[in-house]
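Student: no sequence on hand, only this structure:
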């Protein structure tokens, strides 16, 4: 059985589940915000055994470790503890509940995950990604990460244009809305007025003149490359995500075949973080060079399949089927 660890609003998991149902593949969806509300997790350890299970409150369903043949891990969120405890105890209860879930993840064999959360944690760091990319042989934009206005001004003065983006990710919440700090061009006015703003770290990079952006989806040794024609519209020239977040532009996506060495680098950087899936953002520059920007080790891919027809769902399902067969064969040999 495929365990899908996610949340109730994740459309990418919905999209994968449609295909699983279509093919009659057994799965169990564990929306982690409902832990304690709809599910219990039990772990048993002794000198003679170890086991863990997930139980549903309202259904006669119990998933044992031995039932799980693969784990698709896709943006789980914290349990809704406030429904159980008084405010004074919420922080303690939240910490204990999250640690229980982390304990469950550690009970499940690392080899059957796409991807294991401990590897996601390491791979999510953008500076580490750029460092790895450089070591593997990717070209990267000249970059500085700083909160020091003088250092930022000095760096920006070296190039004809620079862009700025968040060190981690650009999404943040206030009481009413989710906001997005997009990748933006550093104008001369921005540079001159840096001292007027709070000093928080940011990534500053040389702006590269693009032919288009490239989204690369890696599943195992399969590479699906998509050209995102961001330069067709003024609104998406710096950050193509504006197409999806703010505008109603029909942004053109096309299948492309990467040079073999670039494809190999995409697989290598994914494996270097002990991952079997990644969503990598590249740029094809005006002088026909590919530049690595960043990698989302748990990125979205459903819209790429919808736009291009790439069989990403089938490839993910095939990945888990191969893992299951390999594991079964290993156990048969041991017996």
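Tutor: Alright, I've got the coordinates. The structure presented is a predicted model; accordingly, all values stated were derived computationally and were not measured. Residues are numbered from 1 along each chain as shown.

Student: with adjacent residues omitted, what lies nearest to the residue nearest to the spatial centre of the chain?
Tutor: Computing the C-alpha centroid of the chain and ranking residues by Cα atoms, centre = their mean puts residue 298 first, at 2.0 Å. Once flanking residues are discounted, residue 298 sits nearest to residue 120: 5.8 Å by Cβ to Cβ, 6 or more residues apart in numbering. Where you see a C-beta, it was placed from the backbone N, CA and C, and this is true even at glycine.

Student: next secondary structure element downstream of whichever strand or helix holds the one you found?
Tutor: Taking DSSP states H and E as the criterion, residue 120 maps to helix 117-123. Following helix 117-123 in sequence order, the next helix or strand is helix 126-136 (DSSP H and E).

Student: check which element follows that next one along the chain.
Tutor: Downstream of helix 126-136, the first helix or strand assigned by DSSP H and E is strand 143-146.

Student: helices and strands around that following strand, which ones?
Tutor: Under the contact criterion of 3 or more Cβ pairs under 8 Å, 6 or more residues apart in numbering; DSSP states H and E, the helices and strands touching strand 143-146 comprise helix 149-156, strand 202-206.

Student: and these, which is most packed in?
Tutor: Per residue and on average, the most neighbours among those fall to strand 202-206, with a mean of 20 (mean count of other Cβ atoms under 10 Å).

Student: contact partners of that one?
Tutor: Residues from elsewhere that reach strand 202-206 (Cβ atoms under 8 Å, 6 or more residues apart in numbering): 126, 141-147, 152, 155-156, 158-159, 161-167, 186.

Student: please redo it, this time with the cut-off set to 10 Å
Tutor: Contact partners of strand 202-206, identified using Cβ atoms under 10 Å, 6 or more residues apart in numbering, comprise 126-127, 130, 140-147, 151-153, 155-156, 158-168, 181, 183, 186, 191, 194, 291, 293-294.

Student: buried subset of those?
Tutor: For these, a burial check counting by 16 or more other Cβ atoms under 10 Å picks out 126, 130, 140-141, 143-146, 152, 155-156, 162-166, 183, 186, 191, 194, 291, 293-294.

Student: ok, which stretches of the stretch 201-335 of the chain are helices?
Tutor: Counting by DSSP state H, counting those that start in this stretch, residue ranges of the helices within the stretch 201-335 of the chain are 242-245, 260-272, 302-308, 312-334.

Student: put together JSON lines for these, with mean pLDDT on each row.
Tutor: Output for those, formatted as JSON lines (pLDDT from 0 to 100):
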{"stretch": "helix 242-245", "mean pLDDT": "73"}
{"stretch": "helix 260-272", "mean pLDDT": "98"}
{"stretch": "helix 302-308", "mean pLDDT": "97"}
{"stretch": "helix 312-334", "mean pLDDT": "85"}
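
Student: would you reformat those helices as CSV and include distance to residue 205?
Tutor: Written out in CSV, the entries for the helices of the stretch 201-335 of the chain read as follows (distance: least, Cβ to Cβ, whole Å):
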stretch, distance to residue 205
helix 242-245, 18
helix 260-272, 18
helix 302-308, 24
helix 312-334, 29
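
Student: shaky segments in the chain?
Tutor: In the predicted model, the chain carries pLDDT under 70 at residues 169-181, 196-198, 245-247, 330-335.

Student: run the last query once more with 80
Tutor: Along the chain, segments meeting pLDDT under 80 span 82-88, 169-181, 187, 190, 192-199, 242-248, 327-335.

Student: hmm, back to that, the helices and strands packed on strand 143-146 into a markdown table, with extra columns for distance to residue 254?
Tutor: As requested, the helices and strands packed on strand 143-146 are arranged in a markdown table below (distance: least, Cβ to Cβ, whole Å):
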| stretch | distance to residue 254 |
| --- | --- |
| helix 149-156 | 33 |
| strand 202-206 | 25 |
